[in-house]
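Chemist: Need a 3D model of the sequence below.
(chains A and B)
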Amino acid sequence: ILNVEQSPQSLHVQEGDSTNFTCSFPSSNFYALHWYRWETAKSPEALFVMTLNGDEKKKGRISATLNTKEGYSYLYIKGSQPEDSATYLCARHTGNQFYFGTGTSLTVIP
Amino acid sequence: DVKVTQSSRYLVKRTGEKVFLECVQDMDHENMFWYRQDPGLGLRLIYFSYDVKMKEKGDIPEGYSVSREKKERFSLILESASTNQTSMYLCASSLLSLNTEAFFGQGTRLTVV
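Modeler: Residues are numbered from 1 along each chain as shown, chains lettered A, B, ... in the order given. Next comes the predicted model:
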């Protein structure tokens, strides 16, 4: 089973709210888990690459956690800003291939 | 600055035409990928290549072929374009390492009429 699932599919939050999304993936044969941000009219860009169980990464107001044993990762955004509006993709990396989820579309309302 | 460049941002082609989508990367990456993105379906892998002249089918290779004659260039070919191939196509590249991310091109919005 290779499916990567993300929830929710879309999310609307008010500016200043904190929010989080979920990525679940098959926990067997785990190699790495990636998070990407995809803004409209731009290319997807990597936020985090996570390889270790219990790993936690942070970049400014955005952070991510990883649980490889149970097969999930959370992405948190603290104090959402309009510029955070984008689609957030997670991907399971198995060496040669990336398996992407369908993404969470975040809209931050000013 | 690392770069993946796709030859066209927008493309309109007629049913039955042979279509070439070109992708060039300047990072000396071994891996290159072609994805298509459709609403509600996420990024689906069409083909990938881990070396010159090497190619592997992804999840949805039907109706497509690829060519990698040089390390920096990966071409996606629609042999006979059909309306169900109307989509956003994304090229990506990466190193052969688990700890590095994929770098994406800007995408080509292909419409087949």
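Chemist: bridging residues for the most centrally placed residue in chain B?
Modeler: Geometric centre of chain B, nearest residue: B:Trp34, 2.8 Å, by C-alpha atoms, centre = their mean. For B:Trp34, the beta-bridge partners under DSSP bridges are B:Tyr47, B:Cys91.
Chemist: who touches it in this structure?
Modeler: Going by C-beta atoms under 8 Å, 6 or more residues apart in numbering or on different chains, B:Trp34 touches B:21, B:23, B:45-48, B:58, B:64, B:66, B:74, B:76, B:89-91. All C-beta atoms are positioned from the backbone trio N, CA, C, and that covers glycine.
Chemist: Recalculate using a threshold of 10 Å.
Modeler: B:Trp34 makes contact with B:6, B:21, B:23, B:44-49, B:55, B:58, B:61, B:64, B:66, B:74-77, B:89-92, B:105, according to C-beta atoms under 10 Å, 6 or more residues apart in numbering or on different chains.
Chemist: A:Gly54 too?
Modeler: So A:Gly54 contacts A:65-69 (C-beta under 10 Å, 6+ apart).
Chemist: cool, A:Asp55 as well?
Modeler: Per C-beta under 10 Å, 6+ apart, neighbours of A:Asp55: A:32-33, A:48-49, A:64-68, A:73.
Chemist: same thing with A:Ser7?
Modeler: For A:Ser7, the contact set (C-beta under 10 Å, 6+ apart) comprises A:21-24, A:101-102, A:104.
Chemist: what about residue 16, neighbour count?
Modeler: Because you didn't say which chain, this covers chain A. For A:Gly16, the neighbour count with other C-beta atoms under 10 Å in any protein chain shown is 11.
Chemist: switch to chain B, that's the one I care about
Modeler: Neighbours of B:Gly16 (other C-beta under 10 Å): 10.
Chemist: Where does it sit: helix, strand or coil?
Modeler: Assigned with DSSP: H, G, I helix; E, B strand; the rest coil, B:Gly16 falls in the coil class.
Chemist: if we can go back for a sec, which among the contacts of B:Trp34 end up buried?
Modeler: Neighbour-count burial (16 or more other C-beta atoms under 10 Å in any protein chain shown) is assigned, among the contacts of B:Trp34, to B:6, B:21, B:23, B:44-49, B:55, B:58, B:64, B:66, B:74-77, B:89-92, B:105.
Chemist: Which residues of chain A lie near chain B?
Modeler: A:2, A:4-6, A:9, A:31-32, A:34-36, A:38, A:41-51, A:87, A:89, A:91, A:93-103 (C-beta under 10 Å from any C-beta of the partner chain).
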